[in-house]
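Engineer: Pasting a predicted model and its sequence here:
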Amino acid sequence: MTLLARTLVLGLALLAAAAAHATSFTFATLPASGALNGAAGDTLGFGYVVANPSATDWLVITSLDAGTFIDGTPDATLFDFPVLAPGASLSVAFIAGTSGLFAFTWELAAPLGASNSGDFILGAEWWSGDPGAGGSFLSLATPASATYQVTVVPEPSAALLVATSLALASCAGRGALTKRSRSHGPRRVTVRRGWQRLLVRMRRLR
């Protein structure tokens with residue numbers, strides 16, 4: 001076999017080995033929908049699930065990319081960059097200040113309906129064994145991603161106030177129906193928009 005042929009064979013073998021270790025891994029957020037809602041000033045947090053599908057190689061998580069955020073403060077310091085043995089999986093719930101994937105705190109002035117959305121992207125590597133016990137780097141893993149969305153919604157008390165006010169407005173409207181005296185002919189019905197004053201009062205309470 002010529003030197004060129006040997007070089008080609010070696011190159012193909014290396015490419016095949018790299019392809020064999022380019023297996024993707026499993027990654028998802030907790031909650032699985034990736035959607036969290038909260039009032040302005042609230043801190044919202046994501047947990048995560050990661051699984052290593054390889055029967056032989058160790059999975060080493062090396063990076064977390066969450067994109068950009070507005071109207072608040074992102075926090076990725078909770079993430080612990082886990083190392084998973086072959087076939088292992090890990091589920092970590094969000095506990096404020098303790099564990100999870102990512103946290104985000106809305107500014108107090110964040111407008112109602114404000115939203116941030118994107119993808120959490122985990123980078124990783126494949127190793128022949130435990131990196132802390134003599135394992136060797138094999139290749140980069142295919143990055144895994146999970147979508148997220150955080151949105152500002154009214155505080156529960158405000159939502160209850162709106163629902164109560166609308167119910168009262170409905171009752172007031174029905175009570176304001178006026179009837180003509182008993183006589184023949186068409187009956188005129190008038191509905192008073194009492195709910196407008198209620199909405200003004202709610203705005204002042206904000």
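Structural biologist: Structure received. These numbers were taken from a predicted model, which means no experiment stands behind them.
Engineer: per-residue confidence for residue 156?
Structural biologist: Residue 156 carries a pLDDT score of 82 in this model.
Engineer: how close does it sit to residue 58?
Structural biologist: Per CB to CB, to the nearest Å, residue 156 is found 45 Å from residue 58. Placement of C-beta: from N, CA and C, glycine included.
Engineer: Who has more neighbours out of these two?
Structural biologist: Shown here are residue 156 and residue 58; by other CB atoms under 10 Å, residue 58 has more neighbours (22 against 9).
Engineer: tell me the contacts of the more buried one?
Structural biologist: Residues counted as contacts of residue 58 (CB atoms under 8 Å, 6 or more residues apart in numbering) are 52, 83-86, 126-131, 135.
Engineer: separation between it and residue 103?
Structural biologist: Residue 58 is 28 Å from residue 103, by CB to CB.
Engineer: and what of residue 66?
Structural biologist: The value you get for residue 66 to residue 103, if CB to CB is used, is 10 Å.
Engineer: overlap in contacts of those two?
Structural biologist: In contact with both residue 66 and residue 103: residue 74, using CB under 8 Å, 6+ apart.
Engineer: Okay, now the unreliable bits of the chain?
Structural biologist: By pLDDT under 70, the weakly predicted segments of the chain are 1-22, 157-206.
Engineer: ranges for the strands of it?
Structural biologist: Assigned by DSSP state E, the strands in the chain fall at 26-30, 35-38, 43-51, 58-65, 72-75, 83-84, 89-92, 102-106, 115-127, 137-140, 144-152.
Engineer: in the fourth one, what's buried?
Structural biologist: Of the residues in strand 58-65, those scored as buried under the neighbour-count criterion (16 or more other CB atoms under 10 Å) are 58-61.
Engineer: Specify which member of those is nearest to residue 142.
Structural biologist: Distance to residue 142 across these (CB to CB) is lowest for residue 59, with 11.3 Å.
Engineer: Okay, and the beta partners of the closest one?
Structural biologist: Beta-bridge partners for residue 59, by DSSP bridges, are residue 84, residue 126.
Engineer: Check the one 5 residues further on too.
Structural biologist: Residue 64 has these beta-bridge partners by DSSP bridges: residue 122.
Engineer: Please report how far it lies from residue 29.
Structural biologist: Residue 64 is 12 Å from residue 29, by CB to CB.
Engineer: any shared contact partners between the two?
Structural biologist: Residues touching both residue 64 and residue 29 (CB under 8 Å, 6+ apart) are 101, 120.
Engineer: Pipe the buried residues of strand 58-65 into JSON lines and attach distance to residue 39 per row.
Structural biologist: Conversion of the buried residues of strand 58-65 to JSON lines gives the following (distance: CB to CB, whole Å):
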{"residue": "58", "distance to residue 39": "42"}
{"residue": "59", "distance to residue 39": "37"}
{"residue": "60", "distance to residue 39": "38"}
{"residue": "61", "distance to residue 39": "32"}
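Engineer: Isn't residue 147 up against residue 121?
Structural biologist: No - counting by CB atoms under 8 Å, residue 147 sits too far from residue 121 to count as a contact (10.4 Å).
Engineer: Hmm, residue 51 is touching residue 85, no?
Structural biologist: No - judged on CB under 8 Å, residue 51 makes no contact with residue 85 at a distance of 11.3 Å.
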